[in-house]
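Colleague: Sharing a sequence plus its predicted fold:
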Amino acid sequence: MKEVELIDYIKGHRDSISPVQEVQDVALEGSGVRIVMKRDDLIHPVISGNKWRKLRYNLSEAVMQDHHTVLTFGGAFSNHIAATAHACHSAGLDSIGIIRGDELKDDELNVTLRQAKQSGMDLHFVSREAYRRKAEPDFLEELKALHGRFYAVPEGGANGLGVKGCAEILPEVDESYDVVCCAAGTGTTLAGLRLSLPEGKRFLGFPALKGGDFLMDDVERLVAESRLRTVSPSASLELINDYHFGGYAKMTPELWAFTQSFQQRTDIPLDPIYTSKMMFGIYDLIGRGHFSNGTVILAIHTGGLQGWLGMDERRRAAV
C-alpha cells in the first residue's frame, strides 16, 4: 500500500477531529471548576486515542521505507499491541508482536492477544530479561535474523514520530482552557502536548505507574527526538505522582467505584489503566482546592477502552 493510501485509510476510519465535550457532572457543581474533555477515545473503535496518533506517522514511515512488516513490543494486555495489529492488518502490512513473558507462550491467549492474533499478528514471547533489551541494536539484529526485515516501532509507539502525532492534539482544540491534564505511560503523549502547549497554560501529567518522576527525562528525550520545534520556556510540565493506585494496571476498589460512578453520571467511559486514574486525581485535587475558582481544565482522554476486556478477564479468573 502506498503512503497516500495508508493515510487515506487512517483518515477515513476516524471521526475527523475528535470532539471536545463538557463534562456535565453533578459532582462538580459548586466547585468553581469546569472540565472539558478531548475525546480521543472516539477516533477509532480499535486504534483509539493516543495509539492512533502514535501509529499514524510510524506506519506511514514504514510504507515510505518500503517495509511490508512492522514489529513492535508490549505486555500481554497491551493496548498498543492490539492497536498495532489491527492497524497493520487494515493497511495491508504484516505485524509481529514481541510479548513480554515467555512463561505465557504455553498458556491460553488472553482476550487482547487473541484479538491481535486474529488481526494477523505473529506473536513471539520472550523472557522478561530479554525484553529489557528491546531497545538494544544487538537485540534488534537477533530479531531480524529470526523474522527477516521489518520496521520497528518501540513499545507504546514511543519515538519522535509518535510525538509528532501527539503534538496534533492541542491544535485541534478551539475551546478556551487554563490547565491541560493527561495520563502518562511512556511519556510520548506528554512530549507531544508539551511541544504544542499554548503560552501561559499549566500542564499536569498523571503517571499510571509508581515512581513516575523518571518520565521527566523521557519526555525531554522524546521532545528532542521529534525534532519538531523548540519548547517554549513557559511550557513547564508538572508530574502528579499520587494517583498510581499501586502501580501499572493496578486497580483498587476505590478506583473501580469512582470509574463506574463517573460513567453513570456523565455517560463517558474511562479506561482502567490511564484515564480513570487521571480523572480520579483531577477530582481529588478539585476537592482539595488545588485549582482556583473559574479554572477550566482540558482533560485528554487517551482511549484504551479495550483494556477493560483484559481487566474483566483477570477479574473473572480470580473469582
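Modeller: Received, thanks.
Colleague: Give me the distance between the lengthiest helix in the chain and the centre of its chain.
Modeller: In the chain, with assignment by DSSP state H, the single longest helix is helix 49-64. Relative to its chain's centre, helix 49-64 lies at 13 Å (CA atoms, centre = their mean, to the nearest Å).
Colleague: And the nearest residue to residue 252 once chain neighbours are set aside, how far from residue 58?
Modeller: Leaving aside its sequence neighbours, residue 252 sits nearest to residue 245 (CB to CB, 6 or more residues apart in numbering; 5.1 Å). All C-beta spots, glycine's among them, are computed from the backbone N, C-alpha and C. Computed as CB to CB, to the nearest Å, the residue 245 to residue 58 distance reads 30 Å.
Colleague: Number of residues surrounding residue 303?
Modeller: Using other CB atoms under 10 Å, residue 303 has 27 other residues around it.
Colleague: Just to check, it is in contact with residue 45?
Modeller: No. Between residue 303 and residue 45 there is no contact under CB atoms under 8 Å: 10.0 Å.
Colleague: Could you tell me which residues touch both of these two?
Modeller: The overlap between the contact sets of residue 303 and residue 45 (CB atoms under 8 Å, 6 or more residues apart in numbering) is empty.
Colleague: Next, the buried residues of the longest helix of the chain.
Modeller: 49-63 (16 or more other CB atoms under 10 Å).
Colleague: Could you do stretch 83-95 as well?
Modeller: Here stretch 83-95 shows 83-91, 93-95 as buried, counting by 16+ other CB under 10 Å.
Colleague: mind giving me CSV with the residues you listed and columns for secondary structure, distance to residue 25 and pLDDT?
Modeller: Below are those laid out as CSV (DSSP: H, G, I helix; E, B strand; the rest coil; distance: CB to CB, whole Å; pLDDT from 0 to 100):
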residue, secondary structure, distance to residue 25, pLDDT
83, helix, 29, 94
84, helix, 34, 96
85, helix, 35, 96
86, helix, 32, 94
87, helix, 33, 93
88, helix, 38, 95
89, helix, 38, 93
90, helix, 35, 89
91, helix, 38, 89
93, coil, 41, 95
94, strand, 44, 97
95, strand, 39, 98
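Colleague: between those residues, which is closest to residue 259?
Modeller: residue 83 (21.2 Å; CB to CB).
Colleague: Tell me if I'm right that that closest one and residue 46 touch.
Modeller: Yes. Counting by CB under 8 Å, residue 83 touches residue 46, with 6.3 Å between them.
Colleague: How about the contacts made by residue 261?
Modeller: Contacts of residue 261 (CB under 8 Å, 6+ apart): none.
Colleague: next structured bit after the host helix or strand of it?
Modeller: Residue 261 belongs to helix 253-266 when assigned by DSSP states H and E. Where DSSP H and E defines the elements, the next helix or strand beyond helix 253-266 is helix 275-287.
Colleague: avg pLDDT for that next one?
Modeller: The pLDDT scores in helix 275-287 average 98.
Colleague: Just the buried positions in the following helix or strand past it, please.
Modeller: For helix 275-287, the following helix or strand on the C-terminal side (DSSP H and E) is strand 296-301. Buried residues in strand 296-301, counted by 16+ other CB under 10 Å: 297-301.
Colleague: just stretch 105-125 next, same as before
Modeller: For stretch 105-125, by 16+ other CB under 10 Å, it's 109-113, 115-116, 119, 121, 123-125.
Colleague: Could you do stretch 174-182 as well?
Modeller: Neighbour-count burial for stretch 174-182 [16+ other CB under 10 Å]: 177-182.
Colleague: ok, for residue 95, nearest residue in space, not its chain neighbours?
Modeller: Residue 95's closest residue in space is residue 88 (CB to CB, 6+ apart), at 3.8 Å.
Colleague: show me the contacts for that neighbour.
Modeller: 59, 70, 94-95, 119-121.
Colleague: right, and the pair among the buried residues of strand 296-301 with maximum separation?
Modeller: Longest span within the buried residues of strand 296-301, CB to CB: 297 and 301, 12.6 Å.
Colleague: Residue 58 and residue 158 touch, don't they?
Modeller: No. Counting by CB under 8 Å, residue 58 does not reach residue 158; the two are 10.3 Å apart.
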